[in-house]
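Engineer: predicted coordinates and the sequence they were generated for:
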Amino acid sequence: MSASGALLSTVEPRPRPNWYLLSYDPTNVFARILRGEVPADVLHEDDHCLAFRDVAPQAPTHFLVIPKREIASLSDAGPEDAGLLGHLLVTAAKVARDLGIAEGGSRVVINDGAGAGQTVFHLHVHVLAGRPLTWPPG
Ligand code: AMP
């Protein structure tokens, strides 16, 4: 299933208060997925977010949930994003139920910044399941 039809024109640009840490680069791969320029194995789409399988899964089930809003990282989220952030988590839970992984448990991760392993600077929630997940993570 492709993400075509998930147009970046539906992504909300944001005003830029001076406390934003990062400028948003619209050429990042997740923006390109939202524009339908890069294919994705889509699991869920609605007006506010897209969920798709990670191209390099770190567990038997590994998917991502991304907002249709230009937020580079969690640290760039502000009070106006509170509802959207909640929606990303509710969607992660719904997709996990739909995939039948909720009962076995899953790990929900947001890598916030390069120092925490973030490589794609469009906010995303990872959901991993299907193998034992140790704590603390590496
Ligand atoms: P992070 O390191 O937290 O920024 O996570 C970025 C994730 O995006 C990694 O797990 C990558 O495997 C994944 N990724 C990168 N490009 C794609 C793509 N085209 N489709 C799906 N997942 C991708």
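Structural biologist: Sure, I can see it.

Engineer: around the ligand, which positions in the protein sit nearby?
Structural biologist: For the chain, the residues in contact with the ligand (C-beta under 6 Å from any ligand atom) are 29, 38, 40, 54-56, 111, 117-120. Every residue, glycine included, has its C-beta placed from N, CA and C.

Engineer: quick one: buried ones out of the residues you listed?
Structural biologist: Using 16 or more other C-beta atoms under 10 Å as the burial test, the residues of the chain next to the ligand include 40, 54, 111, 118, 120 as buried.

Engineer: between the residues you listed, which is closest to Asp25?
Structural biologist: For these, the residue nearest Asp25 by C-beta to C-beta is Val120; the value is 9.9 Å.

Engineer: give me the number of residues near the residue lying closest to Val38 once chain neighbours are set aside?
Structural biologist: Sequence neighbours aside, Arg32 is the residue nearest to Val38 in space, at 4.4 Å (criterion: C-beta to C-beta, 6 or more residues apart in numbering). Number of residues near Arg32 (other C-beta atoms under 10 Å) recorded here: 17.

Engineer: need phi/psi at Arg32.
Structural biologist: Recorded main-chain torsions at Arg32 are phi -70, psi -30, according to degrees, to the nearest 10.

Engineer: how close does it sit to Ala51?
Structural biologist: Counting by C-beta to C-beta, to the nearest Å, the gap from Arg32 to Ala51 is 16 Å.

Engineer: tell me where the model's unsure across this protein.
Structural biologist: Applying pLDDT under 70 to the chain flags the ranges 1-12, 14-22.

Engineer: show me the helices in it, by range?
Structural biologist: Along the chain, counting by DSSP state H, helices occupy 29-34, 82-99.
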